[in-house]
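Visitor: turn this into a structure:
(chains A and B)
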Amino acid sequence: MTPPKSNSPTYQELILRLQSFWAARGCVLQQPHDVEVGAGTMAPETFLRVLGPKPYKVAYVQPSRRPADGRYGENPNRLFKHMQLQVILKPPPQNVQELYLESLAAIGIDLRQHDIKFEEDNWESPTLGAWGIGWQVMLDGLEITQFTYFQQCGGVDLNPICAELTYGLERIGAFLQDVNSIYDIVWARDPLTGNEVKYGDVRLADELQFSVYNFEEADVEKTWKHFELCEAECKALLDRYAELKNPRPVEENATSTGHPTIHDKQRFPLLGAYDLCLKCSHYFNILDARGAISVTERVGVIARVRALAVGIAKAWVDQQNITENKEEPAPAEKKKKKFAPVS
Amino acid sequence: MPDFLIEIGTEEIPARMIEPAAADLQKRLADLLTRERLPSTQTIECFNTPRRLALIATGIPAAQPDITEQATGPSTAVAFKDGQPTPAAHAFAKKVGVDVSKLEKVSTPKGEYLSANVTKKGRAAAEVLSEFLPKEIAAIYWPKNMYWQKPSERFVRPVRWLVAMLDGEVVPLEFAGIRAGKTSRGHRQLGTESVEIANPDSYSNALYEAKVMAQDARKMLVTEQLKFTARLANGFLRPDDSLLDTVVNLTEWPSVILGEFDPEFLSLPEEVLVTVMRDHQKYFAVEDAKGKLLPNFLAVLNTDGDPQGIIRHGHERVLRARFNDARFFWQTDQKRPLRERVELLRNVTFQKDLGSYYEKTVRVQKLCSGLSEIIRQNGVAARPGIIHKAACLAKTDLTTELVKEFTELQGIVGGLYSRVQSLDPDLPEANRFAIADAVYDQYKPESMEDSVPRSTEGAVLSVGDKADSIAGMFALGLVPSGSKDPFALRRQANGIVKTVAEHKLPIQISSLMKDARAGYAGSAAEKKFSNAEFTKSVEAFFRERVEFYLRDALGFRYDVVNAVLVEGSDDVVDAVARAKAVSDVLPVPEFQAVAAASKRIRNILKQAGEKKLRIAEKFELLPGVAEEEKSLAAYLEQNSPKIEAHRQKKEYKEALLLLSAAREPVDKFFDKVMVMVEDERIRANRLALLQILLKEFSTIADFSEIVTEGK
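Guide: Predicted structure coming up:
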C-alpha cells in the first residue's frame, strides 16, 4: 500500500519549490547566515528584522547546529546540523494559515489525501529573551513545521508582530520520498544520467566528524576562552554604543565639538556585536555537549548570553529609530525635541 | 422571540482550552442576558470546535421591556414659591420630560418632594448585544493569550471571522477589528471556504453540510469508532478519557484508522510504548482480552477517512521512527548502568537555589535512613539496605536518553532499568527487584486518586524525596499561596499524607520536616534560605493537607475532621484512626449528648477565664458537695484509667464509648448543680471538676466542634 513516490521532489527541489512559492508571495530570498546558529530564529534576518515597525517578508534556508543532538551519523532521525526553511511574514497576513497550507500543496502534498492538524506548541528561547504563540503542524502524525506568532524578541514587545514558519526540511524530505532514514533522502538527481546523490553522501561525514569534535575533541579550556573573548568584545561594543547617547542632529555641525553624531550611531556595528553574541551561544552549546558546564554555571551562562541578546535588541531598536527618522525627515521641531539632550 | 447565534471563528484553539473557554463564554452570555433583561427561555447551547466557539440562545426577547421609574425631584418647599413653580421645578420637569403641571407630590420621611413617573424605553436586543457582548468575548479566560494586530486586542489565537445573528438578521457587533456577518467557514479540506448561515436554527445543519460536527457528535462518533476499529485487529480499545477529550478537540470531522507496528517492538516495556503512542502521537493502544498490548494503534484523523491507506502509512512510519528512537535510547542507556550515573547528577539541576540532584540524592538518602530507623523502632518492617540503595539510584534516570526524550517516564525508567541491570555484584535478584519497585514508585501517588507505592521501602523513599523538596522550597520562602503553586508542593504534600496514612507509617510530620530541613544544614543552598517562619508555615501547610485528605479523600464529615485536627494533625495515622472512631460513635445518642455537654463546659470555662475566676488545682470532696458532683467525680475516677488504657492502645472507639457513658452523671450534674455559685471555694472546686472532664473528653477530638442534632 506504499503510495507512489516516483514523482516526489528531490531534497533540493523541495527547497527550490518552497523558495519559489514564497518568492512569488513577495518574500526576499535570503541566503543562510554564515555564523553558527542553533535555529533559524537566531539568524539576524529573524532576530533583528522582527524588531521595530518596518514590514518585512523573507525566506531562507538556515543550517542549524545543535552539538548535543549529534549522533555520529548513526541515528536515522537525528542530526547535529539540520536545515530549516525559515519564513518571516511581518506583519502576518490575514490568510497566513491558508498561505502555509498552499505551500504544502506546492511541494506535492495533496491535503485532501492527508490528515493535517495544528496542535498547540508555544515557542520560547530563554537565550534570546524571545517567545511566541503557535502550533506544531502535524501531517499524518509527523511534525513538519513550527508555526509561531512572535510576541517578544530580545525582551522587546513586538509591534507589529510577525508570523514565523519553520519547515523541518529533512523530515519533509523523508516523508515525501517515503524513506526511513534521513541519510537515504535523494538530495539531487542528475537529469541526464539519472544518477542520485543522497543526503548521506552530502552530509554524513559532517555529522560524524562534528559529533567527534563536539563530544570528544573540543578543548574545553580554549572553548571557554573563545566564549569569554567573544562575550567581552560584544559587551565592549554595547558599552560604546551606550556612550553614544544623546547625539546631535546631523544638520547642526557637531564634528567640531567632538560630540557623537547621529551618523556615529547609524554606522555603529551592532550587527558585528550580534555575530559575537551568536558565537557565544554556539560555544556555550559546545561546552554543554562536552559536559563541561556544571549545574551552578549553566543558568548563569545562559543569562550571560541573554544579557547580550537583550542589550543588542534594545540598541538595535534605538538605531532603527534614528535611521527611520533620517530617511523620512520629520519637522525640524519634532526632530530637535527627539534628540535634544536630556538633562 | 428570536434566537441568537454568536460564532467566533479563530485559528486553531489549543485542545485543552476549548471546553473551559466555551463554558466561560456561555456563562458570560447568560449573565449578560439576565443583567440586560433579555433572558433566554432555554439553556444556551454550545457548539465548539478547534476553529470556533459558538453559542445559540434560543428565544430571547427582541427588546428589553420598558421600565417605568419614579424620579424624585426637589422638595415642594424649594419647588414652589407662593404657589408658583420655581426654576428648580421647571428644571426637574424638563429633565423628566413632562409639563410642570403634571408633576406629582410624594411624602417621604424627609418631607414632601416632587416626583414623576419616567418610562425608560427598552433597547433592542441587537443594540444591547452589539454594545456588551464584545466586552464579554474579550474577557474570556485563557491560560495564555496573544495579540496579532493591536497589542490591546488579545485572544487565544487570531480571530478571523464572526457570525452574530438574531434570527435572520446580522447583529452588527465588532471584535478585534472584525465585523460580524452571516458567513461562517467549513472544514479546512472537506468543507467549503464560506458557509452562509440563514438563521441560528439552521446553523448546526449548515455546518454539518460543510463537514463540521458539533462536539457531542464528534465525541460519540470517535468513541464508537475506536471500539469498533479495535475489533478489526481482534483486540480491544484501551480506554483513555483524557486522550479522548484531546482528540475530539483536535478535529472538526473525525474518523478513526487502525495501524500496525512491528511486533518486535513489544519487547520494549509497555510503559514506554504506551507513552510514545499516547503522549507523543495521540494514538490509542489496543490490547487483547487479557489486557496485553497488541502491535496495533488507533489514530483519530481530522478528515473523513483514508481509503488508500496513505494516512495510515504515514502514521505507521512516524511511529516506527519513534519506537526505533526509544529502542535506540534504551540500548544506549544500558551502556552506562544507573550505578555509574550517580556522579552525573552533579550536572542536573534540582532547583536553581537548591543545587543539583546529586546533592538531593545525598540528602534524601540520609533522610530515608533516619526514617527507616524510626519506623523500625516503631514496629514497622522495612529493609534499610533496600531503601538506601533505591534512594541512591532514584534520580539517576534523569541522565538517561530515554527520560530526556520522554520526561513523563521519570522514575518508571529508573525502575525498569534497575530490574534489568546489575546494581551490585552480590545483590540477590529479589533485593534488586525490591529496589527497582521502590524506584519505579517514587513519584507516586501523583494525585489523590493515584495509588501509593507498593512496598514500605517505596513508601519511605517517596515520602523522603517529597519532604526534602518541600523543606527546601519552604525554607526559600516559596510557599504555595492561592492558585500559585508552581512546584506542585500541595500535590507532593498530599502524596506524603496519603502514603503515610495508607502504609500506616509511624512518622510525625513535624519531625519529618525538621529532619528534612536539617538535611540542608551547611549547604550552599542554606545561605539563600529566608523563611524565618519555617516550622510554623510547614505545620499550617500540612494541617490543611491532612484536612483535605480526611475530608475529600476519605469523606469524613467536616465537623469530625475539625474536631479531630484540633487535637493534632502531626501523626496522620492517628488522626485517621481518631476520625474513624469519632465517625463510628457519631450515631450513638449518648455520644451526641456528651458532645453537646462538652460545648457547654467549654463555654463555662471560657466565661470563668474571662472573669478571671479561680479554678482549683484538683477536685476535692469538700463538705457540702452535691451528690451529683460526687457521682461525676466517681465516674471519672473509675473510668479515666480505663479510657487512658484504650487510648494508649489506640482503641479510640472503645475509649469514646466509655466516655459516652459520662452522659448520665453529666446530665444529672447540669440538672441539679449550679457551677457559678457565690461561694468561691465551691465554685473553684466545681470548675476544677469540669476542667478535668473536658480534658478527658478532648484527647481524641474536640467534641465541641461536633455539630449535634437539634442544637
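
Visitor: which stretches of chain B have low pLDDT?
Guide: B:709-711 (pLDDT under 70).

Visitor: which helix runs longest in it?
Guide: The residue-count maximum for a helix in chain B (DSSP state H) belongs to helix B:310-334.

Visitor: and if you look at chain A?
Guide: Per DSSP H, chain A has its longest helix at helix A:295-327.

Visitor: quick one: the single nearest residue of chain B relative to chain A from B:Phe47, how far?
Guide: For chain B and chain A, the shortest gap (CB to the nearest CB) falls at B:Gly314, measuring 2.8 Å. All C-beta atoms are positioned from the backbone trio N, CA, C, and that covers glycine. Distance of B:Gly314 to B:Phe47, computed by CB to CB, to the nearest Å: 30 Å.

Visitor: B:Val538 is in contact with B:Leu512, isn't it?
Guide: No: the pair B:Val538 / B:Leu512 is not scored as a contact, 9.6 Å apart, by CB atoms under 8 Å.

Visitor: can you count the residues close to A:Leu89?
Guide: Residues near A:Leu89, counting by other CB atoms under 10 Å in any protein chain shown, number 22.

Visitor: contacts for the host helix or strand of A:Glu233?
Guide: For A:Glu233, the element it lies in under DSSP states H and E is helix A:220-243. Residues from elsewhere that reach helix A:220-243, judged by CB atoms under 8 Å, 6 or more residues apart in numbering or on different chains: A:260, A:265, A:268-270, A:272-273, A:276-277, A:279-280, A:283-284, A:286-287, A:290, A:292, A:304, A:308, A:311-312, A:315, A:319.

Visitor: what's the mean pLDDT across the helix or strand following that helix?
Guide: The helix or strand immediately downstream of helix A:220-243 is helix A:262-266, counting by DSSP H and E. Mean pLDDT, helix A:262-266: 81.

Visitor: in helix A:262-266, which residues are buried?
Guide: The neighbour-count check on helix A:262-266 (16 or more other CB atoms under 10 Å in any protein chain shown) flags A:Ile262, A:Asp264, A:Lys265 as buried.

Visitor: let me know the closest of these to chain B.
Guide: Ranked by distance to chain B (CB to the nearest CB), those are led by A:Lys265 at 26.9 Å.

Visitor: residues contacting whatever residue of chain A ends up closest to chain B?
Guide: Nearest residue of chain A to chain B: A:Asp140, at 2.8 Å (CB to the nearest CB). Each residue near A:Asp140 by CB under 8 Å, 6+ apart is listed here: A:His114, A:Asp115, A:Phe175, B:Ile310, B:Ile311, B:His313, B:Gly314, B:His315, B:Arg317, B:Val318.

Visitor: got the contact list for the closest residue to it other than its chain neighbours?
Guide: Leaving out its chain neighbours, the residue that sits closest to A:Asp140 by CB to CB, 6 or more residues apart in numbering or on different chains is B:Gly314, at 2.8 Å. By CB under 8 Å, 6+ apart, B:Gly314 lies in contact with A:His114, A:Asp115, A:Leu139, A:Asp140, A:Gly141, A:Leu142, A:Phe175.

Visitor: repeat that with 7 Å
Guide: A:Asp140, A:Gly141, A:Leu142 (CB atoms under 7 Å, 6 or more residues apart in numbering or on different chains).

Visitor: in CSV, list those residues along with pLDDT and secondary structure.
Guide: Listed next are the contacts of B:Gly314 as CSV, based on pLDDT from 0 to 100; DSSP: H, G, I helix; E, B strand; the rest coil:
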residue, pLDDT, secondary structure
A:Asp140, 97, coil
A:Gly141, 96, coil
A:Leu142, 96, strand
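
Visitor: near chain A, which residues of chain B? Just list them.
Guide: Residues of chain B lying close to chain A by CB under 7 Å from any CB of the partner chain are B:11-12, B:14-15, B:144, B:146-148, B:151, B:160, B:189, B:250, B:281, B:299, B:301-303, B:308-311, B:313-315, B:318, B:321, B:325, B:328, B:346-349, B:352, B:355-356.

Visitor: just those residues: which are in strands?
Guide: Secondary structure defined by DSSP state E assigns B:Met146, B:Tyr147, B:Arg160, B:Ala299, B:Leu301, B:Thr349, B:Gly355, B:Ser356 of the residues of chain B next to chain A to strands.

Visitor: thought the first one was touching A:Tyr149?
Guide: This points to B:Met146. Yes: look at B:Met146 against A:Tyr149 with CB atoms under 7 Å: they come within range, at 5.8 Å.

Visitor: low-confidence ranges, the stretch 201-343 of chain A, go.
Guide: Short version for the stretch 201-343 of chain A, where the test is pLDDT under 70: A:246-260, A:295-296, A:325-343.

Visitor: how about the residues of it by chain B?
Guide: So far as CB under 7 Å from any CB goes, the stretch 201-343 of chain A lies against chain B at A:Gly291, A:Ser294, A:Val295, A:Arg298, A:Val299.

Visitor: quick one: residues contacting the fourth one.
Guide: Right, A:Arg298. Per CB under 7 Å, 6+ apart, neighbours of A:Arg298: B:Thr349.

Visitor: can you select the buried ones from the contacts of helix A:220-243 in PyMOL?
Guide: PyMOL command restricting the contacts of helix A:220-243 to the buried ones, with burial defined by 16+ other CB under 10 Å:
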select buried, chain A and resi 260+265+268+270+273+276+277+279+280+283+284+286+287+290+292+304+308+311+312+315+319
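
Visitor: tell me, how many neighbours does A:Ile107 end up with?
Guide: A count of nearby residues for A:Ile107, using other CB under 10 Å, gives 20.

Visitor: tell me the phi and psi of it?
Guide: phi -100, psi 20 (degrees, to the nearest 10).

Visitor: show me where the stretch 251-400 of chain B has helices.
Guide: Here the stretch 251-400 of chain B has its helices, by DSSP state H, counting those that start in this stretch, at B:270-275, B:281, B:310-334, B:357-377, B:384-393.
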